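**Q** sequence and predicted model, in that order:
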Amino acid sequence: MKKLIQNQKEVFINQLLELLKIPSISADPQYKDEVKKTAEWIKNALNDIGCTTVKIYETEGHPVVYGEILVSESAPTVLVYGHYDVQPPDPLELWDSPPFEPIIKKTDLHPNGAIFARGACDDKGQMFMHLKAIELLVKNKSLNSNVKFVIEGEEEVGSDHLEKFITDHKSMLQSDIILISDTGINSIQNPAITTGLRGLSYMEVTVIGPNRDLHSGLYGGTVANPINVLCDMIASLHDQNRKVNISGFYDQVVEISEQELQKMNENGIDEKSFKDSIGIDAVMGEKGYTTLDRRSIRPTLDVNGIWGGYTGEGAKTVIPNKAHAKISMRLVPDQNWKDISVLFEKHFKAIAPAGVKVEVTTHHGGGSYVTPTDSVAYKAAEKAYQQVFGVVPHAKRDGGSIPIVPMFEKVLGSKTLLMGFGFDSDAIHSPNEHYGIDNFLKGIETIALFYPHFTALQKQLKP
């Protein structure tokens, strides 16, 4: 398999570069045509790798692309999920090169080069690995599983229309396992399979004061300033130990055993490298937990954006009539994101002082997820990783959220296996996003090797 990939290396990389040039920004309506163009590109790519059925399904939002290869009624079926939409590239001035003009550069972590572009890692590069892995298996006449692809264009805006698509096509999408590559590994030397994801509740708050912006000289010190009030309210959302200060927030949190905690931290992160990678000299978080704990098994609350008043050039002395913030909460088993959203709204309105009104909007959310490590699929992945990387991968819980994963299990009844190959340092959602060439190629190889192991282990289960 490695030789086959090396022979096709330049072709695969150039195809990915072509895909990365399309600005499929799902959040911005002005890019709607580009998103649709990307869906067409994916459709053609699925045809090219040998899918016998390929179709674009329109939704009330952006399209879903479906493809399938059915080799046998008795063969196991793998459903591959990915997304072709990307985050907005702003702020553009912080990019070293244009976000939709992909280039390859060598870095300390990627001595053989990394592709720099929006979507390189999240998720075009990782999604594309699956297409290339299947292409190699088909050309080598060694694909022995049925494969179905669901590649959507709304993941970065909450996958609002995916559940309806999945529900409407439940029979078509039945599978033995769902594969997703939208997570990562610690390093090439220390690979991992993600076994847990945090849930998410994403909120927006507005504090409203006077009926218009006021002159700060005439009115300063006499009325509640919405920005000052909002800052005070946000500051009160954590206590002195950095715990979230909302009544009931931790009531449903499942505490994991000391044994699991210890095992998890044995394969943890180098704290110095962690700090160096993001340019800080100290970490901060909930008292009594390690950095790895805080970013994987503990719930959090963070402000993602805050604005109000005058922010243009020069000075304008006003007390604004409104101030706004976007706040996200990462959740763990068994926190229900809808319940947490209600708790947040109730609490935030309750702590507002006299003189202001508060509006709270729930944007989107999703549940946490833990995948079993004793399943056939996990064992097959473990064997594939060991073949490619030379070591047994360890299980790790991730701090990010993929809200559709628990939805898949609820609607389709299938477990999900998370086979991601990115690094934490790949700057997803940030300027200068990139994805290592080695990660890309090893990902293709690992995914391709997963299929024979999965089929063999599945056969052993049959009487």
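**A** That came through, no problem.

**Q** and the one helix or strand Leu301 maps to, what other elements does it pack with?
**A** Secondary structure from DSSP states H and E places Leu301 in strand 300-308. With contacts taken as 3 or more Cβ pairs under 8 Å, 6 or more residues apart in numbering; DSSP states H and E, strand 300-308 sits against helix 226-235, strand 322-331. For the C-beta atoms, the positions are set from N, CA and C on the backbone; glycine is no exception.

**Q** quick one: least confident helix or strand in this protein?
**A** Ranked by mean pLDDT, DSSP states H and E, the weakest helix or strand in the chain is helix 258-266, scoring a mean of 79.

**Q** name the helices or strands packed onto it?
**A** Against helix 258-266 (3+ Cβ pairs under 8 Å, 6+ apart) you get helix 291-294.

**Q** show residues contacting the helix it packs on.
**A** 261, 264-265, 268-269, 271, 274, 283, 285-286, 300 (Cβ atoms under 8 Å, 6 or more residues apart in numbering).

**Q** mind running it again at 10 Å?
**A** 242, 256, 261, 264-265, 267-271, 274-275, 283-288, 298, 300, 396-397, 399 (Cβ atoms under 10 Å, 6 or more residues apart in numbering).

**Q** that one: which residues count as buried?
**A** Buried residues in helix 291-294, counted by 16 or more other Cβ atoms under 10 Å: 291-294.

**Q** for it, C-alpha coordinates in PDB please.
**A** Only the C-alpha atoms of helix 291-294 are listed here, as PDB (Å, rounded to 0.1, in the frame of the first residue of the first chain):
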ATOM      1  CA  THR A 291      -4.100  20.600  31.300                       C
ATOM      2  CA  LEU A 292      -5.100  17.400  29.500                       C
ATOM      3  CA  ASP A 293      -8.000  16.900  31.800                       C
ATOM      4  CA  ARG A 294      -9.200  20.500  31.300                       C
END
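
**Q** show the end-to-end separation of stretch 213-225, please.
**A** Between the start and the finish of stretch 213-225 there is a gap of 10 Å, counting by Cα to Cα, to the nearest Å.

**Q** same check on stretch 313-326?
**A** 24 Å.

**Q** equivalent analysis for stretch 50-65, please.
**A** 15 Å.

**Q** and it, what's its mean pLDDT?
**A** Averaging pLDDT along stretch 50-65 gives 97.

**Q** got it, and stretch 166-177?
**A** Rounded mean pLDDT across stretch 166-177 is 98.

**Q** just use 867 as the starting number from now, easier for me
**A** OK, 867 is where the count begins now, so the last one is stretch 1032-1043.

**Q** so which bits of it are buried?
**A** Buried residues in stretch 1032-1043 (16+ other Cβ under 10 Å): 1032, 1035, 1039, 1041-1043.

**Q** okay, how far is it across that stretch, tip to tip?
**A** Across stretch 1032-1043, first to last residue, Cα to Cα, it's 15 Å.

**Q** sorry, back to before: and which of the buried residues of helix 1157-1160 is nearest to Glu924?
**A** Arg1160 (41.5 Å; Cβ to Cβ).

**Q** how about low-confidence regions in this protein?
**A** 1134, 1328-1329 (pLDDT under 70).

**Q** against which helices or strands is the helix ranked longest in it packed?
**A** In the chain, with assignment by DSSP state H, the single longest helix is helix 1303-1327. In this structure, helix 1303-1327 makes packing contacts with helix 868-886, strand 943-949, strand 980-982, helix 990-1005, strand 1043-1046, helix 1242-1255, strand 1300-1302, judged by 3 or more Cβ pairs under 10 Å, 6 or more residues apart in numbering; DSSP states H and E.

**Q** residue at max distance from the center of the chain?
**A** Leu1084 (47.8 Å; Cα atoms, centre = their mean).

**Q** of all the buried residues of helix 1157-1160, which comes closest to Cys1097?
**A** Using Cβ to Cβ, the buried residues of helix 1157-1160 come closest to Cys1097 at Arg1160, 23.5 Å.

**Q** could you measure from the closest one over to Pro1219?
**A** 31 Å (Cβ to Cβ, to the nearest Å).

**Q** can you check Ser940 too?
**A** Distance from Ser940 to Pro1219, by Cβ to Cβ: 67 Å.

**Q** neighbour-wise, which of those two wins?
**A** Pro1219 (11 against 8; other Cβ atoms under 10 Å).

**Q** so who does the more buried one touch?
**A** 1073, 1090, 1095, 1098-1099.

**Q** for those residues, work out which two are farthest apart.
**A** Among the contacts of Pro1219, Ala1090 and Met1099 lie farthest apart (Cβ to Cβ), at 11.2 Å.

**Q** between those two, what contacts are shared?
**A** 1073, 1218-1219, 1222.

**Q** what is the nearest of these to Pro965?
**A** Val1073 (33.5 Å).

**Q** what about that closest one, distance to Ser1280?
**A** Distance of Val1073 to Ser1280, given as Cβ to Cβ: 44 Å.

**Q** next one: Leu1080
**A** 57 Å.

**Q** check Pro957 too.
**A** Pro957 is 39 Å from Ser1280, by Cβ to Cβ.

**Q** next: Leu960.
**A** Leu960 is 40 Å from Ser1280, by Cβ to Cβ.

**Q** give me the more crowded residue out of the two.
**A** Using other Cβ under 10 Å as the criterion, Leu960 and Ser1280 rank with Ser1280 on top: 18 against 10.

**Q** what about that one, which SS state?
**A** coil (DSSP: H, G, I helix; E, B strand; the rest coil).

**Q** grab the nearest non-local neighbour of Gly1171.
**A** Lys1192 (4.4 Å; Cβ to Cβ, 6 or more residues apart in numbering).

**Q** the one you found contacts Asn1170, correct?
**A** Yes - assessed by Cβ atoms under 10 Å, Lys1192 is found in contact with Asn1170 at 4.5 Å.

**Q** pull up the overlap in contacts between those two.
**A** With Cβ under 10 Å, 6+ apart as the test, Lys1192 and Asn1170 both reach 1068-1070.

**Q** which of the residues you listed count as buried?
**A** 1068-1069.
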